[in-house]
Each structure stands twice: as structure tokens, then as C-alpha cells.
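>>> give the three-dimensional model of this entry:
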Amino acid sequence: MPMPSGGVWPPKGHERAYLAYRDWDAWYVGDAARLREVYTGRGSDGRPLPPSQWTPGGGGLFGRISRWLWGAPQNPNARDGRLHVPLPADLAASVSRLLFAEPPKLTCDDPASQARLEQLAEDGLHQVLLAAAEAASALGDVYLRPTIDQEVMPGRAFLTPIHADGAIPVMRWGRLTEVTFHSLVHIDGREYWRLLEHHSAGLVEYALFRGSPVDLGVRMPVQAHPTTAAVAGDLKDGVQYTGLNRLAVVRIRNTGPQRAWRNEPCLKYHGRSDFDGAEPLFDRFDAVWTSWMRDIHLARGRIMVPAQYLDSNGPGQGATFDADREVYTTLQAMPKDMTGSGITLSQFAIRHVEHKATLDEIRGAVLLHVALSEQTVGQEGDMAVTATEIESRERLSFANKGARGGEWTTGAADAVEVLTELEYAQFGTTTPFRPYVQMSDGVSESLETVARTVQLLHAAESISLETRVRRVNPDWDDDQVKDEVARIREDQAGGPVELAPPPADTLGALAGNEPPPAAGAGAEDGDPDDEEATAA
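Residues are numbered from 1 along each chain as shown. Predicted structure coming up:
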């Protein structure tokens, strides 16, 4: 796919994906206004319909739309009481933390390459991977692009994530061969300015377009807009050469295979979002929460009293009441016609048990859809448990992490490799290398648990001092472990450990003389003196 010259946007073949991205983005952002905009007045294919068909008498759309909380047309004269719970955003964040709650371990055999990895960690590589994993969970794919900006990081490159709804990929057999990144640089009413970056093997082509929300429009010079003018200074005829013989972009999918688009030629290799298929559950979750909050609103205690009990502004001036007063509901009746003292209490029940049980069931269905255990999202409390108990309770989450970890292990290694290749091509500084990436297990035993385990193994005489030190300090290298072992032995001996000198005849043997005789043996075989000594 070459750089487009204009036409509809997004390009033909990608419309279905971008309709889904619009929905998933609305759930991910969690803005009620965005959800109303996305779901109000849409047909069965997800496309907007004319406002004349939003009502029951306008074509029968109400039969389908009314099943969605956020799709039901709202009375403009009434207050919108619909509430949104950020369950989708919490799910994406939970998936990201499951993968990268702790920084992954990146290692390399070469000391210089290892130093560059440590510099990448200082530059915020962990935070980049954490944010990229969250975006991939919400949208299905994420792209890692090595970027060079001399004003931000002079002399080196850094990784930047690009979300799936900002890319038009071209894939062959599931492998990324080309990709066009697009971003809005300016919006003026219906006028949209877009910057496109077309990445192919060895080069990046830039183009600026002025169009509309659904049309790319006409191509403009890159320097025509102040936002993109800085990019134009580094280009040659709108092209930037990377110096690589391959694509300088890495795509990482969330999970797969893609179910909904498996027969779409342009989309069948896309990753699958964790929101895909869970949108009705998100909507029902908001509906139950809204109903629960409505119960609380309707169940506010009211005391009904005769109008004569309240303050009057005088003849012809009406009556007023203080909204903060507990007594404000009036009845047009004489006190003698009311039971008791004429005061009646009204208090409706709050169906909290039924609402909470329904929310728990919906949440469980969503978590099963995403393959997460309930404890992963904090539904089991924060009681003190061992690592074994955590693994047992979060078995589903750990299986999920193992399945997704392979994508991120390979993707992170590819991204660092491409970054070092780009640095070598542009600056000639870093020798390209591919790191070893090890994901954290996500379960850390408490120091008390480790100490108890080591103590039991030591009492059973089945663990050495060096192994004990390594077990308590798994992050230490060999030199640190040896130093600690020496200090422990020194403390146990009550001072510095001094080895006794070997016997003199052993020193002679080490110097090359004859080996010392065995204990009780004579200096020479058959010596009469030895025989007499033996006989005696």
C-alpha cells in the first residue's frame, strides 16, 4: 500500500475495524457523553442513522436500540441519570499490570550492550511497555517505533507507542510489511489536517493532508502547517531514510486469533481486543449500576406534613421551603384529617443485595471473557496469603499471562534490536544487538516466608550456605554472593577467618619434592628400624 493520494478515510477495507475502534475507545475513555454519541442513532452495522429514525415512530429502530442503555434516545427535557462505571478501563489496566507490574529483565552478554539496556531502563522503557500493553488490551494492537529527536534525547533513540486506531497496517501471513501512521494535527470546524507517515523497508515518507472527518482531502506541503514544519527540515523530497534494510516498526498484538474479522482480507491478521464481544456486558453493568443509584435517589427519606406546618410568605405571597430541611413535602389536608399528629414518614427500600449480586455476576462473566481471575482485579480482598495460595487463586490469570507473555517477550526484543540498529545507522555509536527478555513472574514471596523456608532446609541439612544466600537475595550476582558468604563465615567464627598453614612436608610436596609418607609408614619399604618399631 503506497502513500494514499486522497479519497475516503479510513481507506476502503479498514472501515469495519475503525468502527470497532470507535466503540472500544469510547468504553476505554469512559466518558458518558462519548458513549451517548457513539451508541445513539446507529444501525445494526454500527453506522449512524438519520435523527428521524431515532424515535419509535421513525422506522422501528427503537426495538434494537432500547436494549442498550447508552443507545436509548434521551428526553431533552429530562435529566440524564445514566451512570458509567470504568470497568473496561480497569480491565485494560489490570492486563497491563499483569504483564508489566514489575520491569522485565533485559540482559545481554556484551558489557557495552548491557550498559545500553540499563540506559534504556533509565529512559523509561518500563513505562513505555506498561502503557503500550494497556492500549493493546483496549484496541487489539500496538506499534513500537524507535524515534530520534535531538532536542529530547541527543545522540540516541527512544521507543514511542502508536495505538491501533492511529495505524493502517499491511500484513502478509501475519507479518507486518508496511504501515501508515496518521495523526490529527489541527481541527477547525469540519476541516481536518492529518499528518501521514508511511513506513516501509529503509524509508519513511511524510505527507500532510487537508480534508474532512471522512475524507483525506488534498495533499499539502509538510511545511504548510506550523505543527509539521519542524519535520520538513529533516526530509529529502518528503522522505526520510532510516539506513536499515527492514521496517523500523514493531507490531505487538494483544491476543488472537481475530474472530470477528477472520474473513476480512485486510483485517484477518489484526489482534483481538479484550473488549471485543464484551460491549453488551459493559452496557448491562452500567444499567444495573444506574438502577442501584436510582434506588438510592428514590429512597431518600421524606416526611409529609400539612402545609400549615411550613413557613408562609404571607397572604398572596405563596410559601417557600429550605431545600436543606428534612421536612419539605406538603399535603393539602387539615391536621384533623391525618392520623396521629399529621406527620407521615415515607422511606422506600434499597435493593442493594439484588443489585450487588447482579453486578458480581456480570463482572465474573467479563473477567472470564478476558481470562482474568477475580483476585487479579482485587475482588478477593487484601488478606495476607502465600505465593502458593496466590498462584492457586489466580491460575486463570497466570495461564493468560503465559499465553500473552510470548508476544511481548518477542516484541520487546524486536523493538530494542530495531532501536539499536537505527542508532548504529544514524550515529554509529551502539553496536546492534538483540537482548534476552525475561518477564517477571508477578508473585513475590514475603521475606518471612523465604526465611522460614531457608531455615527448614538448613535444619534438614539439605542446603548449603551459598544457596541460602542466593535464595534470600535472588538479584545478587556471583561476586556479591561470595562476599556475603565470606562475611557470614567471619561472623560465625567470631572474627576474620584465617586458614591454618599446611604442614611443612605438605609444603615440600607442593614445591616438587617427594610426597610425604603415609601415617604409620616408614620412610622406606623394608627398613629394619621400621620393622622393629612395628613389632614393638
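>>> buried ones in the longest helix anywhere in the chain?
Identified as the longest helix of the chain according to DSSP state H is helix 395-426. Within helix 395-426, the residues scored as buried using 16 or more other CB atoms under 10 Å are 396-398, 400-401, 404-405, 407-409, 411-426. For glycine as for every other residue, the C-beta is placed from the backbone atoms N, C-alpha and C.
>>> how long is stretch 154-169 end to end?
One end of stretch 154-169 sits 30 Å from the other (CA to CA, to the nearest Å).
>>> what about that stretch, distance to the chain center?
16 Å (CA atoms, centre = their mean, to the nearest Å).
>>> and the longest helix of the chain, what does it pack onto?
Contact analysis of helix 395-426 by 3 or more CB pairs under 8 Å, 6 or more residues apart in numbering; DSSP states H and E lists helix 87-100, helix 111-122, helix 125-139, strand 141-147, strand 158-163, strand 250-253, strand 436-438 as its packing neighbours.
>>> how far off centre is stretch 238-248?
30 Å.
>>> and stretch 228-239, by the same measure?
34 Å.
>>> in it, what counts as buried?
228, 231, 238.
>>> in this structure, which residue is most central in space?
With distances taken as CA atoms, centre = their mean, the residue of the chain nearest its centroid is Ser96 (2.2 Å).
>>> next up, the contacts around that residue.
Residues in contact with Ser96 (CB atoms under 8 Å, 6 or more residues apart in numbering) are 130-131, 133-134, 137.
>>> all the helices of the stretch 301-450 of the chain, residue numbers only.
352-370, 387-393, 395-426, 447-459 (DSSP state H, counting those that start in this stretch).
>>> flag the shaky bits of the chain, pLDDT-wise.
1, 41-66, 301, 303, 305-312, 318-343, 345-346, 375-400, 441-446, 495-536 (pLDDT under 70).
>>> tell me what the strand ranked longest in the chain is packed against?
Looking across the chain with DSSP state E, the single longest strand is strand 175-188. If contacts are counted by 3+ CB pairs under 8 Å, 6+ apart, strand 175-188 sits against strand 141-147, strand 167-172, strand 191-200, helix 226-232, strand 250-253.
>>> now the ones you listed in JSON lines, with distance to Tyr436?
Output for the helices and strands packed on strand 175-188, formatted as JSON lines (distance: least, CB to CB, whole Å):
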{"stretch": "strand 141-147", "distance to Tyr436": "18"}
{"stretch": "strand 167-172", "distance to Tyr436": "27"}
{"stretch": "strand 191-200", "distance to Tyr436": "27"}
{"stretch": "helix 226-232", "distance to Tyr436": "35"}
{"stretch": "strand 250-253", "distance to Tyr436": "17"}
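>>> tell me which element the closest residue to Gly7 other than its chain neighbours falls in.
Nearest residue to Gly7, sequence neighbours excluded (CB to CB, 6 or more residues apart in numbering): Leu216, at 5.8 Å. According to DSSP states H and E, Leu216 maps onto strand 215-220.
>>> distance from the chain centre to that strand, please.
35 Å.
>>> what comes up buried for that strand?
Neighbour counts using 16+ other CB under 10 Å place 216-217, 219-220 of strand 215-220 among the buried residues.
>>> show me which of the residues you listed is closest to Ile350.
Leu216 (53.4 Å; CB to CB).
>>> distance-wise, check the closest one relative to Leu196.
8 Å (CB to CB, to the nearest Å).
>>> okay, and the common contacts of the two?
Joint contacts of Leu216 and Leu196 (CB under 8 Å, 6+ apart) are 4, 209.
>>> in the buried residues of strand 215-220, find the pair that's most separated.
Top of the distance list for those (CB to CB): Leu216 and Met220, 11.2 Å.
>>> and for the two, which residues touch both?
Phe209.
>>> which of the buried residues of strand 215-220 sits closest to Pro280?
Leu216 (33.5 Å).
>>> quick one: the closest one and Lys12 touch, right?
No - using CB atoms under 8 Å, Leu216 is not in contact with Lys12, being 11.8 Å away.
>>> which residue sits closest to His458, ignoring its sequence neighbours?
Arg468 (6.4 Å).
>>> how about the helix or strand that contains the one you found: buried residues?
Secondary structure assignment for Arg468, by DSSP H and E: helix 465-472. Of the residues in helix 465-472, 468-470 count as buried by neighbour count, 16+ other CB under 10 Å.
>>> from those residues, pick the one nearest Leu159.
The closest of those, once distances to Leu159 are taken by CB to CB, is Arg470, at 33.0 Å.
>>> tell me who's in contact with the closest one.
Counting by CB under 8 Å, 6+ apart, the residues that Arg470 touches are 476, 481.
>>> against Gln480, how distant is it?
10 Å.
>>> nearest residue to Ile162 in space, please, no chain neighbours.
Tyr143 (4.1 Å).
>>> how deep is the one you found tucked in, by neighbour count?
25 (other CB atoms under 10 Å).
>>> residues touching it, list them.
161-164, 167, 169, 179, 181, 249-252.
>>> how does it look with 6 Å?
Residues in contact with Tyr143 (CB atoms under 6 Å, 6 or more residues apart in numbering) are 162, 167, 249, 251.
>>> kindly report the same for Asp215.
Counted by CB under 6 Å, 6+ apart, Asp215 has contacts Val8.
>>> and for Arg156?
Glu423.
>>> can you give me phi and psi for it?
phi -150, psi 170 (degrees, to the nearest 10).
>>> for it, give its distance to Arg172.
32 Å.
>>> likewise Arg219?
From Arg219 to Arg172 the distance is 27 Å (CB to CB).
>>> likewise for Val38?
33 Å.
>>> more crowded one of those two?
Counted by other CB under 10 Å, Val38 and Arg172 do not tie: Val38 has more neighbours, with 21 against 9.
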